[in-house]
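# Here is my input, please return the structure:
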Amino acid sequence: MDGVRMAVISNRLNVVVEAMMNTVFRSSRSGVLNSAHDFSCCIVSAGHELVMGAESLPIHMMSGPDLISKAVLRFHPEMRRGDAYLHNSPYNGNSHAADHAMLVPVVDDEGVHRFSVLAKAHQADCGNSKPTTYMTDARDVYEEGTLLFDACRVQTGYQDNDDILRMLRLRVRVPEQWWGDYLALIGAVRLGERRILELGNELGWDLLQEFVDEWLAYSEGRMRAAIADLPAGRLSLTTRHDPFPGIPEGLDIKIGIDVRPEDQEIHVDLTDNVDCLPNGLNLTESTAATAALIGVFNSIGEGVPPNAGSLRRVKVRLRDGCAVGVPTHPHSCSAATTNLADRVTNAVQRGMAELAEGVGLAECGAVIPAAAAVVSGVDPRSGGRPFVNQIFLAVTGGAATPWSDAWLTIFHVGCAGMLRRDSVEIAEMTHPIRVSRQRLLQDTEGAGRFRGAPSAEVEYGPVGTSMTVAYGSDGAVYPALGVRGGGEGGLTRHLRRDRAGDLTELPSQGLVELDDGERIVSITAGGGGYGPAADRDPVHVREDVREGWISPERARDVYGVALHADLSIDEAATARLRAEPASS
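Numbers count the residues shown, from 1 in each chain. All right, here's what the predicted structure looks like:
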């Protein structure tokens, strides 16, 4: 197949996925989907290979759709047109239980299974025993309480299985909201199915299969070339998660990386880690593998399509029964997309950065702070109607790169900046809350030649009612690290402001009950810096002071740049300051 035809077909399939994404965005009911965009869509081949994922969240897509596709076929070996399958099992290829994946097989007029389309959406409420989708303290899946669907057929011949849907309605706290999101998922995959059937009838199924084979081979070739340009090296890395329920001293995570440019392969070994934990932090097979893959893709630069072809060149070793491997029932994996996954990704890209200049990234800041909490309660404005939703206020956390300052609002490394920040006005209209403060905090960036994102401070609380705020934040003890001499990002912190205005410290995770007039203060994590701070261009340091990112004192003490009162650069004093470290 010539390059022009391959480009045309790849664009047309990408348009199919974008249309699926747009369907979820425009027709979903919960804010976590229609405001924050916490969903993903993709096309999988009949051979369970990721073909196209558009602008989806990496933690949802790099590994997972392939495993879900295999799970569905294992339980339902006859793929039939009109069927749809709901899957959220963390023990059989999904991310965490809150991510409901809907898969529809694309079956041609002859009854041949050609592709599958998949949409995965984070639920505002998945039926947990507490009003949150992140049960970080759940000792097992029973305490977590969510309903698990393992390749469950929810439509047959395009008709809903009402038995299953009644179970869901009785479990989730706001069934009308869930129903709207269910319809959005079904609408997305049915649209994808229809568009691919049209494309197959137009171009021919043999040509589409030829495209898949060559598209994946092309992507693998791009990945081979990218790895061949890397320096060879073996790295043994350790990263540490904060103390949490079930890990009162914190947790070391060990990662082995072997870059083999001569073989055009990268090997990541996660097997030398603890067994599954008595909390909700355990990773799943898909999120453990994906966490390592994201770290690699973040390190090699742009131009490599993330699909089954390029993923072949990265070998991730996992161990059964491991907290950062393949979980065993009944261990909880409620936070499998965030905490430990982020630690793995950050350590991989930090390790890659130490191989050579221009490779890898610093570490991104940790989640999930109260600025992105699941909030719930009853809304007095609507006669006491219950509400539950994850809000997405100001969360920064971006890591510095070898070429630029951090992406400010990446939110967390696993979503690659794909999540959107909520509109304050819409959040206040939708929920009985008031956001009283959102601001960046000066002098909290990871200092460096290129600087990481600063921390943000967010303050909000209920209005006319009480409210439960559920969060589970890492990064209060162990910050995001810089690389190649770069500094670490600011730490997370949480406080309660009572009606009198007094502040008290809160733990890094839990469910906080706020009464009317009380507020929670969430200080989010900053990102790490890249390169020595003394190498930052003094002109950029001056502009950082002028814009309020850093103070004149930090410019002098950390970056070695002295400024006059009018913020012009004191060239002589700056030269002396920057000479001091070299002579000490």
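# the strands in the stretch 251-400 of the chain, which residues?
All strands of the stretch 251-400 of the chain, identified by DSSP state E, counting those that start in this stretch, fall at 251-260, 265-269, 314-317, 374-379, 385-390.
# can you pull the buried residues of the first one?
Buried residues in strand 251-260, defined by neighbour count with 16 or more other CB atoms under 10 Å: 251, 253, 254, 255, 256, 257, 258, 259, 260. (Glycine included, C-beta is placed from N, CA and C.)
# Name the nearest of those residues relative to residue 436.
Within the buried residues of strand 251-260, the smallest distance to residue 436 is 34.7 Å, found for residue 251 (CB to CB).
# Wait, the closest one touches residue 241, no?
Yes. With contact defined as CB atoms under 8 Å, residue 251 reaches residue 241; the gap is 4.5 Å.
# shared neighbours, these two?
Both residue 251 and residue 241 are in contact with 281, 340, where contact means CB atoms under 8 Å, 6 or more residues apart in numbering.
# Surely residue 350 touches residue 484?
No. Residue 350 lies out of contact with residue 484 (CB under 8 Å); the separation is 9.6 Å.
# between the two, who's got more neighbours?
Per other CB atoms under 10 Å, whichever of residue 350 and residue 484 has more neighbours is residue 350, with 28 against 22.
# quick one: low-confidence ranges for the stretch 51-200 of the chain?
By pLDDT under 70, the stretch 51-200 of the chain has no low-scoring segment.
# Count residues in the vicinity of residue 338, would you?
Other residues lying near residue 338 total 27 when counted by other CB under 10 Å.
# Output the below-cut-off pLDDT ranges for this protein.
The model of the chain has pLDDT under 70 over residues 581-584.
# tell me which residues of the longest helix belonging to it are tucked away?
Longest helix of the chain, by residue count under DSSP state H: helix 175-203. Neighbour-count burial for helix 175-203, counted by 16+ other CB under 10 Å, picks out 175, 177-178, 180-182, 184-193, 195-197, 199-200, 203.
# before we move on, what about stretch 228-236?
Within stretch 228-236, the residues that count as buried by 16+ other CB under 10 Å are 230, 235.
# Pull the residues that contact it.
Residues outside stretch 228-236 that contact it (CB under 8 Å, 6+ apart) are 254-262, 264, 266, 300, 351-352, 354-356, 359.
# if we can go back for a sec, could I get the buried residues of strand 251-260 in TSV, plus columns for distance to residue 166?
Formatted as TSV, those follow (distance: CB to CB, whole Å):
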residue	distance to residue 166
251	40
253	41
254	46
255	44
256	48
257	48
258	51
259	52
260	53
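# Quick one: residues contacting the residue nearest to residue 28 when sequence neighbours are not counted.
In this structure, residue 28 finds its nearest non-sequential neighbour in residue 184, 3.9 Å apart by CB to CB, 6 or more residues apart in numbering. By CB under 8 Å, 6+ apart, the contact set of residue 184 is 23, 24, 27, 28, 29, 33, 121.
# circling back: quick one: the longest helix of the chain to chain centroid distance?
Relative to its chain's centre, helix 175-203 lies at 24 Å (CA atoms, centre = their mean, to the nearest Å).
# ditto for stretch 62-75
20 Å.
# Alpha carbons only: can I get that stretch in CSV?
The C-alpha trace of stretch 62-75 is given here as CSV (Å, rounded to 0.1, in the frame of the first residue of the first chain):
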residue,chain,number,x,y,z
MET,A,62,-2.0,1.7,25.7
SER,A,63,-2.8,-1.6,27.3
GLY,A,64,-6.3,-2.6,28.2
PRO,A,65,-8.4,-2.5,25.0
ASP,A,66,-6.4,-5.5,23.7
LEU,A,67,-6.9,-7.4,27.0
ILE,A,68,-10.6,-6.5,27.1
SER,A,69,-11.1,-7.7,23.5
LYS,A,70,-9.5,-11.0,24.4
ALA,A,71,-11.7,-11.4,27.5
VAL,A,72,-14.9,-10.8,25.6
LEU,A,73,-14.0,-13.3,22.9
ARG,A,74,-13.0,-15.9,25.6
PHE,A,75,-16.4,-15.8,27.2
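# which residues make contact with it from outside it?
Here stretch 62-75 makes contact (CB under 8 Å, 6+ apart) with 42, 44, 48-50, 53, 79, 85, 87, 89, 92-95, 101, 103, 105, 116, 118, 120, 150-151, 285-287, 289-290, 293-294, 297, 306, 308, 311.
# if you set the cut-off to 7 Å instead, what comes out?
42, 44, 48-50, 79, 85, 87, 92-95, 101, 103, 116, 118, 151, 285-286, 289-290, 293-294, 306, 308, 311 (CB atoms under 7 Å, 6 or more residues apart in numbering).
# if we can go back for a sec, I'd like to know which of the strands of the stretch 251-400 of the chain lies nearest to residue 60.
Closest to residue 60 of these is strand 385-390 (CB to CB; 15.2 Å).
# what comes up buried for that closest one?
Using 16+ other CB under 10 Å as the test for burial, strand 385-390 gives 387, 388, 389, 390.
# name the element residue 118 belongs to?
Element membership of residue 118, judged by DSSP states H and E, is strand 113-122.
# What is that strand packed up against?
Packing contacts for strand 113-122, counted by 3 or more CB pairs under 7 Å, 6 or more residues apart in numbering; DSSP states H and E, involve helix 3-27, strand 39-45, helix 65-75, strand 99-107, helix 175-203.
# Helix or strand next in line after that strand, which one?
Using DSSP H and E, the helix or strand that follows strand 113-122 in sequence is helix 141-144.
# contact partners of that following helix?
Contact partners of helix 141-144, identified using CB under 7 Å, 6+ apart, comprise 128, 129, 135, 138, 280, 329, 330, 332, 334.
# Show me which positions of the helix or strand that residue 165 is a member of end up buried.
For residue 165, the element it lies in under DSSP H and E is helix 162-171. Burial within helix 162-171, assessed by neighbour count using 16+ other CB under 10 Å, is assigned to 164, 165, 168, 171.
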